[in-house]
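> for reference, the sequence and a predicted model appear below.
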Amino acid sequence: MTSQPLFAETRPLPAVVVSRERPHVSDVLVPVALCLWGAGLVLAHPGRLSSYGLPPDLPLPVYGGIAVLVVSAAAELRRTRCSSPRLACHAVALVVMLYGIAPLVYPDGRYEWLYKTVGPVQYIAANGHLDRFIDIYQNWPGFFALAAWFDKVAGVASPLAYAKWAQLAFELAAIPLLYLTYTALGLSLRQRWLAILLYSASNWIGQDYFSPQALGTLLSLAVMAMAMRWMYTGNLALSGREGLSGQLVRKHRRSSGPRLPELLRPLPRSRMPPVRVQPLIALLLCYLVLVCTHELSPYMIAIQLGVLAVFRLVNPRWLPLVLLAIAIGYLAPRFAFVNSHYGLLNSIGDFFSNATPPSFSATAIPAGQHFIEHCSEALSLGIWALAGIAAWRYRHSGKTVLALALLAYSPILLLGLQAYGHEGILRVYLFSLPWSAALIAAYMLAPTVRRPVPRPGRLATMPAVVRLAAVRTSVLAAAQRAAAAVGLNSRRRIPLRAPLALAGALVLFFPAFFGDDSFNEMPAAEVSAVTNFWLHAQPGPVYEAIDNAPVADTSRYSLFPLRDIFGSDSVLTPSAITPSVASTLATLAAHSDSGEHSYVMITSTMRAYTTAYGEASPHDYAVLVNSLDHSPAWAVVLRAPGVVIYELRSNVTD
């Protein structure tokens, strides 16, 4: 049994000619959605968040606005002649409504990792050079150098002034790149915009904060957009002929049955697109910037294009080898430092261990944390499962489906090489998402095959069963013509499953993306106190309760080595958390650290993190604080809302 065409638009029925275009329902629903969402955020005043994070504290109008936007998108997709500018407005509105919540609700940026990326920016701005022996950030300085240059040009003292808006900016910047990529792959107009909506609604990883990974993801999309536009062998527009979508529509109109369009079948070798020098140079330059920006993304891109080259889907086929050589050439002089600090070779070949996602190391985990983990798993596995169903359903549809399937699942190969701090599976999902979303959109909006309407005079000569089916077809055709007069399509060419898939992704997105805000949200008072300490304290190691605080966000970040008291990387054993733990820490600081200054830092975000993941109990904190308060070896040097910092007294080890 042959499959139906996957990427062709059905031929629109003749519509009533009117003097001007009638208003679309989305012209009303999109402003209503934005107004509801904005009114809800005005009412949002989250206090101390529960273990379920921000979602329970968001007012209902916020969710109501997003629901109205989904209805509006479904209505626009169902129109006979949908409007690309209106669908673009839906995509932009969805990104604003999802990624604009946090910067509008919270006074400072989320994630403690954001503040650690501010430090290298400030270091470059203050010193004007790099020191690649400090950390991995200064070995891949592309993002930090760009941010330092931007701060100088804009006259900004610190990226903290705008960093909380980074997620919104990066997600908006991804829209045109995704659109260009999907256009080159031959997706129809509806499929492109639904794929973009699904991408925005399913990107729960949170890589798009102020970080090299965010810029690396954007550069990766740019490289893939250029590769698909100029080097993908299924793009017939390269050889000077009509575009893929146009020929598919024209051929589908001439077809009398559900046979596959020939244009979706593999092209013969003689019809391979020519190698163009200018696009190739542009791609290599963009890739060079990517190599200097992020340590993982270049290898992901090389793997994806390499798999396409094996199946003769990109030309030149040697391009992935050149990209891999560039990435390895940049890594070579930095390999010794990276391997000694991060064990680069330790996880090679251990696929199943590398594929293990971050998990709980304790048993006393709140129910909310389990719920958040299950939502993120359901969203990720759901996207992969739907993409797999789409790829299998249209497995005979030729190059485009094969290319999307390879791009969606080839990042898994990276897990045979690296665990990436047990976040490898998360990065695989991130690089798979654009292509998985495209497969799902193509499957959800696959065009139906039009059946010929019999002439009325032939009904009398047909058998009763055939006559009944013919009458039904005629009635449906008449209803479609009537609906076309008002700009709607009554044949349900856009199935209900498309908006349901989008709505389902959004339902899971909120707990997956905002669920950890009980410890990801950084209070303004805590940010101010810790930043001032980093600016004015004497250099020395900092023993922090756990690595979850707005630390290392100044140019002096390298002068304060961080060591954990609780957790898997603790400098102490669990049995050391006794009333004499302050003495133990003082002895450890005196014997293992040079200099006279050592510190212990405890913040509210550290407490929230250890509570969520069971790394330490409230009793452990009570024992630690009580021991430090009564120890002659430590003195309080800073006490602010949510923050207390102790300093080791010179030559006193109790």
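Received it, and whenever you're ready, just let me know what you need. Numbering: from 1, shown residues only.
> how many residues are close by Ile205?
18 (other CB atoms under 10 Å). C-betas here are computed from N, CA, C, even on glycine.
> which SS class is it?
coil (DSSP: H, G, I helix; E, B strand; the rest coil).
> thinking it is in contact with Leu430, fair?
Yes. Using CB atoms under 8 Å, Ile205 is in contact with Leu430, at 5.0 Å.
> so where's this protein uncertain?
For the chain, the stretches with pLDDT under 70 are 1-21, 235-274, 343-364, 416-422, 447-495, 592-595, 650-654.
> which residues of it fall in strands?
Taking DSSP state E to define them, one finds strands in the chain at 542-544, 562-564, 599-603, 634-640, 643-648.
> and of those, who's closest to Leu284?
Proximity to Leu284 (CB to CB) singles out strand 562-564 among the strands of the chain, at 38.1 Å.
> quick one: list the elements packing against the closest one.
strand 542-544 (3 or more CB pairs under 8 Å, 6 or more residues apart in numbering; DSSP states H and E).
> so what are the sheet partners of the strand it packs on and their directions?
Taking DSSP bridges as the criterion, strand 542-544 forms sheet pairs with strand 562-564 (parallel), strand 599-603 (parallel).
> just name the most buried of the ones you listed.
Burial of those is given as mean neighbour count (mean count of other CB atoms under 10 Å); strand 599-603 ranks first at a mean of 23.
> give me the residues contacting stretch 618-638.
529, 533, 537, 545, 565-566, 577-583, 585-586, 599-600, 602, 607, 610-611, 644-649, 652-654 (CB atoms under 8 Å, 6 or more residues apart in numbering).
> okay, how far is it across that stretch, tip to tip?
21 Å (CA to CA, to the nearest Å).
> list the buried residues for it?
For stretch 618-638, burial by neighbour count (16 or more other CB atoms under 10 Å) applies to 620-621, 623-625, 627-628, 631, 633-634, 638.
> which parts of the protein belong to which domain?
26-239+272-358+366-447+495-517, 523-648 (automatic domain parsing).
> wait, Met444 touches Ala498, no?
Yes. The pair Met444 and Ala498 qualifies as a contact (CB under 8 Å) at a distance of 4.0 Å.
> can you give me the neighbour number for Leu496?
Neighbours of Leu496 (other CB under 10 Å): 11.
> do you know how far it is from Ser188?
18 Å (CB to CB, to the nearest Å).
> equivalent analysis for Ile602, please.
56 Å.
> cool, Tyr429 as well?
Taken as CB to CB, the span from Tyr429 to Ser188 is 26 Å.
> re earlier: mutual contacts of Met444 and Ala498, please.
With CB under 8 Å, 6+ apart, Met444 and Ala498 have common neighbours Leu194.
> so what's Ser528 up against?
With the criterion set at CB under 8 Å, 6+ apart, Ser528 makes contact with Ala640.
> any idea how far the closest residue to Ser72 other than its chain neighbours is from Ala501?
Residue nearest to Ser72 in three dimensions, not counting chain neighbours: Leu29, with 3.5 Å by CB to CB, 6 or more residues apart in numbering. Leu29 sits 19 Å away from Ala501, taking CB to CB as the criterion.
> which of those two has more neighbours?
Taking other CB under 10 Å, Leu29 and Ala501 do not tie; Ala501 has more neighbours (24 against 20).
> the more buried one touches Leu198, doesn't it?
Yes. With contacts counted by CB under 8 Å, Ala501 reaches Leu198, the gap being 6.9 Å.
> so for those two, which residues contact both of them?
Joint contacts of Ala501 and Leu198 (CB under 8 Å, 6+ apart) are Ile440.
> where is the longest helix in the protein?
Secondary structure assigned by DSSP state H gives helix 367-393 as the longest helix of the chain.
> buried residues in that one, which are they?
Result for helix 367-393 [16+ other CB under 10 Å]: buried residues 368-369, 372-373, 375-376, 378-380, 382-384, 386-388, 390-391, 393.
> ok, stretch 162-176 next?
For stretch 162-176, by 16+ other CB under 10 Å, it's 162-175.
> between those residues, which is nearest Phe311?
Once CB to CB is applied, the member of the buried residues of stretch 162-176 that ends up nearest Phe311 is Ala174, at 26.2 Å.
> how about the helices of the stretch 501-650 of the chain, start to end?
Assigned by DSSP state H, counting those that start in this stretch, the stretch 501-650 of the chain shows helices spanning 517-520, 524-536, 581-592, 604-613, 618-629.
> got the contact list for the first one?
What that stands for is helix 517-520. Contacts for helix 517-520 (CB under 8 Å, 6+ apart): 49-54, 102, 110-112, 548, 605, 608-609, 612.
> quick one: buried ones out of those residues?
If we count by 16+ other CB under 10 Å, the contacts of helix 517-520 have these buried: 49, 51-54, 102, 110-112, 548, 605, 608-609, 612.
> in TSV: these, plus distance to Gly119.
Shown next, in TSV, are the buried ones among the contacts of helix 517-520 (distance: CB to CB, whole Å):
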residue	distance to Gly119
Leu49	26
Ser51	30
Tyr52	31
Gly53	26
Leu54	26
Ala102	21
Arg110	17
Tyr111	14
Glu112	12
Asn548	16
Thr605	17
Ala608	22
Tyr609	20
Ala612	25
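> which two in those are spaced the farthest apart?
Largest separation among the buried ones among the contacts of helix 517-520 by CB to CB: Tyr52 and Glu112, giving 19.9 Å.
> re earlier: for the strands of the chain, which one sits closest to Leu146?
Across the strands of the chain, closest to Leu146 is strand 562-564 (CB to CB), at 25.6 Å.
> okay, now Val401: neighbour count?
26.
> could you measure from it over to Pro320?
In terms of CB to CB, Val401 sits 21 Å off from Pro320.
> with Ser555 instead?
For Ser555, the distance to Pro320 (CB to CB) stands at 39 Å.
> likewise for Asp547?
Asp547 is 37 Å from Pro320, by CB to CB.
> which of the two has more residues huddled nearby?
Comparing Asp547 with Pro320 by neighbour count (other CB under 10 Å), the higher total belongs to Pro320, at 21 against 17.
> correct me, but that one touches Leu305?
Yes. Pro320 lies in contact with Leu305 (CB under 8 Å); the separation is 4.4 Å.
> who touches both of these two?
Val314.
> quick one on the thing from earlier: pull out the buried members of the contacts of stretch 618-638.
Using 16+ other CB under 10 Å as the burial test, the contacts of stretch 618-638 include 529, 533, 537, 545, 565-566, 577, 581-583, 585-586, 599-600, 602, 607, 610-611, 644-649, 653 as buried.
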